[in-house]
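S.K.: sequence and computational prediction follow.
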Amino acid sequence: TLTDRKNTMLCGSSLGGLISYYAAFKADSVFGRIGAVSPSFWYCKNDLTTYTTNVVCRYPNDTKIYFICGDSESQSTVTDMQEFYNYTLAKGIPKESMQYEVVKGGNHSEASWSKQIGRVYDFLFE
């Protein structure tokens with residue numbers, strides 16, 4: 001198993017998506033590939049906003065992140081995800097190293113995520 005950060009991914013859905021995003025900065029020496037699937041940013045939005053705004057991104061040119069959610073999730077999911085995507089751009093991670101996708105008809109469920117996860121992995125490890 002390759003153990004460098006370029007070959008180490010953290011990917012989760014819902015609260016796992018939130019934790020994966022947080023780890024992109026908190027454990028950036030370990031994880032270089034992040035999948036934030038339907039991230040529940042609402043759970044700690046104010047604290048995460050403060051953290052993301054103040055944290056230093058140590059590997060902006062060697063980090064890849066895939067943001068994905070469905071348009072049939074909660075009212076704030078798409079808006080919150082766009083907000084954190086923008087925060088991430090401001091941290092210096094290039095747009096080419098990130099993917100932002102809102103799936104038409106996608107909802108907050110394992111059935112929906114199972115249809116999306118392949119392209120998340122493909123992008124993160126291409």
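M.R.: Perfect, thanks for sending it.
S.K.: distance of residue 13 relative to residue 35?
M.R.: Counting by Cβ to Cβ, to the nearest Å, the gap from residue 13 to residue 35 is 8 Å. Just so you know, the C-beta spots here come from the backbone N, C-alpha and C atoms, and that holds for glycine as well.
S.K.: no no, residue 91
M.R.: Noted for residue 91: a distance of 18 Å to residue 35, by Cβ to Cβ.
S.K.: over to residue 109?
M.R.: According to Cβ to Cβ, residue 109 and residue 35 sit 16 Å apart.
S.K.: and those two? which has more neighbours close in?
M.R.: Using other Cβ atoms under 10 Å as the criterion, residue 109 and residue 35 rank with residue 35 on top: 27 against 14.
S.K.: which residues are in contact with the more buried one?
M.R.: 9-12, 17, 20, 65-66, 68, 117, 120-121, 124 (Cβ atoms under 8 Å, 6 or more residues apart in numbering).
S.K.: wait, a helix at it?
M.R.: No: counting by DSSP: H, G, I helix; E, B strand; the rest coil, residue 35 falls outside a helix, being strand.
S.K.: that one pairs with what?
M.R.: residue 11, residue 66 (DSSP bridges).
S.K.: local confidence estimate at it?
M.R.: With respect to pLDDT, residue 35 has a value of 98.
S.K.: cool, residue 126 as well?
M.R.: At residue 126, pLDDT is 89.
S.K.: could you report the neighbour count for it?
M.R.: Residue 126: 6 neighbours (other Cβ under 10 Å).
S.K.: for residue 2, see how far away the residue nearest to the spatial centre of the chain is.
M.R.: In the chain, the centroid-proximal residue (Cα atoms, centre = their mean) is residue 36; its distance is 3.0 Å. Residue 36 sits at a distance of 22 Å from residue 2 (criterion: Cβ to Cβ).
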